Structures are given as structure tokens and as C-alpha cells.
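Student: Sequence below, structure please.
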Amino acid sequence: MLCLLDSRRKQDLIALFFAITVVLLVFQDALRRIWHPFSYIDETVALLGLLYSGLVLLTGKGNISWKQVLLPIISLGVFAASGLLGNVLYRYQPWKSVVIDLYTNLKFFFAINTGFLFLRLLPWETLKQQANLCARSATAYLFAVFLLDRALHIFEGQVRHGIRSAELFFTHPTYLAGAVVFLLCLMAAFFENKNRIYILMDLIMIAFTLRSKTIVSTIVFVALWTFLVIWKKEMKRWHLVMLGIAGAAVAWPQIHYYFIELHNWSARSVLLITALKIMKDYFPIGTGFGTYASSEAAKHYSPVYEKYGFQNNWELRNVADRANTKRLIEKFDIPRHRLWGGPYLNDSFWPIIFGQTGVLGTAAYVTAMGSLTYRCWKLKEASFYSFATVLYIWFHLLICSIAESAFNNPTAVPLALVMGMVLAAAAKSEKTDV
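Tutor: The predicted model follows:
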């Protein structure tokens, strides 16, 4: 159908599709409360990248620099094989759950390819115009609702540090933060002077979600933007180390609470410690996809949890097991309305990788991440804005990986899209049409 249209009309339609994609990704969490299929917006965006990758490989078009992509492809292949071998050997979960979780673990990388696809279909200036228009409009709208909520207390919000957190019409402050971080990254990557006030609005909203990880994320963005864009200083590796130490210092109270004070008790602590045990017990491959710390493992309560005694932990119990729930209420004298569970089974990221794919899969995943990080690091030679944006995306996701599923989370897909567009632009400037 598109082939019958002239080039200008075709670009207009693709630009409109891009704008719709941005809006849907920003408001996905709110939209899925209205209609459940909106939950799959991020998966659909990642699927575009997967289809694009397959098309390029089959047709040989795209002038791919195999030197750049071979290592991540091999690494992700080893990662997938390690998890699938665990599924074949131990058969802890049905194959439907395995396939869904495998895709979830890879969708961040597929979404990066979607960013490549958009830049191939549209010129950078067209993307810049559409991205800024959408990001500024969405930011203005959200900030207006935020101010109304501050004044009138329209929406729910948790009280933290004596302040009511911002949640707006999202299901959790984390999802509001994820949407606003996406808008922030769009305006940083496609920077124009008029974006400054909107970036400030985004930073205020991110900070007011009052999650420790988002506060640290806000500080990191301000530090990177000041150092790289305003001062135009060259970033050294030791600067990143210092920034990481500073971020850890700010987040230390939460780290101490969950991993030291509640050692062997909080869900995050237990998931991490048990994941390390699994790496040893199932050396070198892990228990397989959909079996540990993932959404599918929570949805279909994994036999691995029963093997390691999770049913005795009130944050990690099987919520479908009513008899065990009653026993826990009596044992710990927990008010029924405070008997948590379920959501805490997929409340961190690295235990997923450690437990499900073992030493081999973890090494392969880290190698793929390292290869991608190296490509991002080279952006410092291309653009202050691009370099600051991708560094911030990495820091943000790594910070979030301590307390959420991070790279597997729906909020990671929009950030991968931005990263893909920025990397594709750099590749294009090097005469590599990816």
C-alpha cells in the first residue's frame, strides 16, 4: 500500500506512526487500565525491531557492519541457549511461559533495532521535529495535571519523607517516572533550546515520585548534563566510577534496609541470595526461562520457589495457596490487608538472569551489554547530547535493576527506542547504513 504513495506522503504517514508510537508508549500504563490489550504496546514495538532484524538478515540489505553486531548476536544466542537448555533438562514450566519469558528477556535489544528502523525510514530532522513536538506536548499535559494534583489531591499517592508522592493516573509512581524519563530522554537526544523548560518540568515530576531510585536518577541526569553539555567537559571512565559511587551513597539507606537490615527476609534480598545458590546448584546453565524471579515464574508459581522454601516467606508466598496464606497470617500475626505477595516475586532484575540462565547465560548477557555499552561510549565523538542521553539511560536502568525488572520492564522499551535512534544516527554518519 505504501509503495503506491509518493515519497513525501509516505514519510508523512511514517512520521505520524512514529508520533502515535511515542504517545502510546508514554501513556501505556494508564491506557491498559482502560483496555487490557494496551499492555502489549511495548511488546509490539519490540516486535517491529525483531521483524526488521529478520528482514535484514534474510535479504542482506542494510549494509550491516558485522564487526559491530557479531559479538552481541553470539552473546545473546548463548544467553538464550543457556536458559532453553535448563528448560529442556528440568521442565519446571510449560513452554508457553518459556517462550513468553524468553521474548521478555530479549525485547530490550529488539526495541533498539526498532530505533534503527525508524531512522532508516525517516530523516533525523523529521524524527527530531516529531519527537520534540510529542515530548513537549505530553510533558506540558502531565505537568499541568501534576500541579493540579499537588493543589487538590486528585489522585492517590504514598506519603514518603513527609511528602505525598506523585502517581497521577498511573498504576504506580514507578510507571509515571518511566513515562517521564522517556520524555526527558527524547528531548535530551533531540535537544533544542526551547526544550529546557520542559526538561525541568520532567525532572521535577521524576523527583516527586519519591522513589529512591528516581531521586538518584534525577541527580545523575543533572550531573551528566551539566558536565557534558553545559561545561562541555570530556568524560573519563573514572568520572563514571565517581558518579556511580555518589549514586550508591544517595541510595545507601534503601540498599542497607533491603539487603542488610532485612537480610534473608526481604523479597529482594532472598531473591538475590537464592539466585546465587541456584547458579551453584544448577551450574552452569540455571533453571530455564520462566522459572525464577520473572513475571511468568510469578504468574505460574514456579516449582523452583517451592524447592527453595519461598512458600514460607510472606512476601514470596504463592498467593493462590489459601491454606498457606492462613498459616502465615497466624504465624506472623499479619493483618490481612498487609499480607503482601505476588508482586514481590518479580521485584528485581539480576536474580532473573542469575537464576534462569546460570553462570554461562549471565556471562553471555553481560558480554552483550558490554558490547552495547562500548558502542554507546563511542558516541562522545559524535554528539554531546547523544552521549549524555545514552549514558543517562544506562545509569537509570542499572539503578532501577536493583528494585525492579529494569531491562525486562515495559518502561525500558521506550528508552531502548531512543538508544537505537541515537546509535543509528551515529552509524549513518560513519557511512554505515544499519
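
Student: Could you identify the helix or strand that succeeds the strand or helix carrying Arg150?
Tutor: Assigned by DSSP states H and E, Arg150 falls within helix 124-152. Downstream of helix 124-152, the first helix or strand assigned by DSSP H and E is strand 159-160.

Student: Would you mark the buried spots in the helix or strand encompassing Leu13?
Tutor: Using DSSP H and E, Leu13 sits within helix 7-26. Neighbour counts over helix 7-26 (16 or more other C-beta atoms under 10 Å) mark Lys10, Ile14, Ala15, Phe18, Ala19, Thr21, Val22, Leu24, Leu25, Val26 as buried. Quick note: C-beta positions are derived from backbone N, CA and C, even for glycine.

Student: just stretch 223-232 next, same as before
Tutor: So stretch 223-232, judged by 16+ other C-beta under 10 Å, has buried residues Ala223, Leu224, Trp225, Phe227, Leu228, Val229.

Student: ok, so of those, who is nearest Met235?
Tutor: Distance to Met235, by C-beta to C-beta, is smallest for Leu228 among the buried residues of stretch 223-232, at 6.1 Å.

Student: Quick check: what element follows the worst-scoring helix or strand of the chain on mean pLDDT along the chain?
Tutor: Every helix and strand of the chain was ranked by mean pLDDT, DSSP states H and E. The lowest is helix 322-332, at a mean of 53. Once the chain leaves helix 322-332, the next helix or strand it forms, by DSSP H and E, is helix 350-377.

Student: where's the next helix-or-strand element following that following helix relative to the chain centroid, distance-wise?
Tutor: Next helix or strand after helix 350-377 toward the C-terminus (DSSP H and E): helix 384-400. Mean C-alpha position of helix 384-400 versus that of the full chain (C-alpha atoms, centre = their mean, to the nearest Å) differs by 12 Å.

Student: Only C-alpha atoms, please: export helix 384-400 in PDB.
Tutor: The C-alpha trace of helix 384-400 is given here as PDB (Å, rounded to 0.1, in the frame of the first residue of the first chain):
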ATOM      1  CA  PHE A 384      27.300  15.900  23.500                       C
ATOM      2  CA  TYR A 385      23.500  15.400  23.500                       C
ATOM      3  CA  SER A 386      23.500  11.800  22.300                       C
ATOM      4  CA  PHE A 387      26.300  10.800  24.600                       C
ATOM      5  CA  ALA A 388      24.700  12.400  27.700                       C
ATOM      6  CA  THR A 389      21.400  10.700  26.800                       C
ATOM      7  CA  VAL A 390      22.600   7.200  26.400                       C
ATOM      8  CA  LEU A 391      24.900   7.400  29.500                       C
ATOM      9  CA  TYR A 392      21.800   8.600  31.400                       C
ATOM     10  CA  ILE A 393      19.700   5.700  30.000                       C
ATOM     11  CA  TRP A 394      22.400   3.200  31.200                       C
ATOM     12  CA  PHE A 395      22.700   4.700  34.600                       C
ATOM     13  CA  HIS A 396      18.900   4.900  35.000                       C
ATOM     14  CA  LEU A 397      18.300   1.300  34.000                       C
ATOM     15  CA  LEU A 398      21.200   0.000  36.200                       C
ATOM     16  CA  ILE A 399      19.900   1.900  39.200                       C
ATOM     17  CA  CYS A 400      16.400   0.600  38.600                       C
END
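
Student: What helices and strands are in contact with the helix or strand just after it?
Tutor: Going down the chain from helix 384-400, the next helix or strand is helix 412-429, by DSSP H and E. Packing contacts for helix 412-429, counted by 3 or more C-beta pairs under 8 Å, 6 or more residues apart in numbering; DSSP states H and E, involve helix 7-26, helix 41-59, helix 95-121, helix 124-152, helix 173-189, helix 350-377, helix 384-400.

Student: let's see 7 Å
Tutor: helix 41-59, helix 95-121, helix 173-189, helix 384-400 (3 or more C-beta pairs under 7 Å, 6 or more residues apart in numbering; DSSP states H and E).

Student: For the second one, buried residues please.
Tutor: Of all the residues in helix 95-121, those buried under the rule 16+ other C-beta under 10 Å are 97-98, 100-119, 121.

Student: what angle sits between that helix and helix 7-26?
Tutor: 140 degrees (axes from the mean of the first three to the mean of the last three C-alpha atoms, to 10 degrees).

Student: one step back: now do the same for the helix holding Arg150: mean pLDDT, whole number.
Tutor: Regarding helix 124-152, the rounded mean pLDDT is 96.

Student: do the same with stretch 91-105
Tutor: pLDDT averaged over stretch 91-105 gives 95.

Student: one step back: any chance of JSON lines for the helices and strands packed on helix 412-429, columns distance to Trp265?
Tutor: Listed next are these as JSON lines, based on distance: least, C-beta to C-beta, whole Å:
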{"stretch": "helix 41-59", "distance to Trp265": "33"}
{"stretch": "helix 95-121", "distance to Trp265": "27"}
{"stretch": "helix 173-189", "distance to Trp265": "22"}
{"stretch": "helix 384-400", "distance to Trp265": "22"}
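
Student: how long is stretch 287-307 end to end?
Tutor: Stretch 287-307 has an end-to-end distance of 12 Å (criterion: C-alpha to C-alpha, to the nearest Å).

Student: who's in contact with it?
Tutor: 83-84, 86-87, 90, 92-94, 97-98, 100-102, 104-105, 271, 275, 278, 311, 316, 318, 320, 342, 345-346, 348, 351-352, 355-356 (C-beta atoms under 7 Å, 6 or more residues apart in numbering).

Student: Nothing else from me, thank you.
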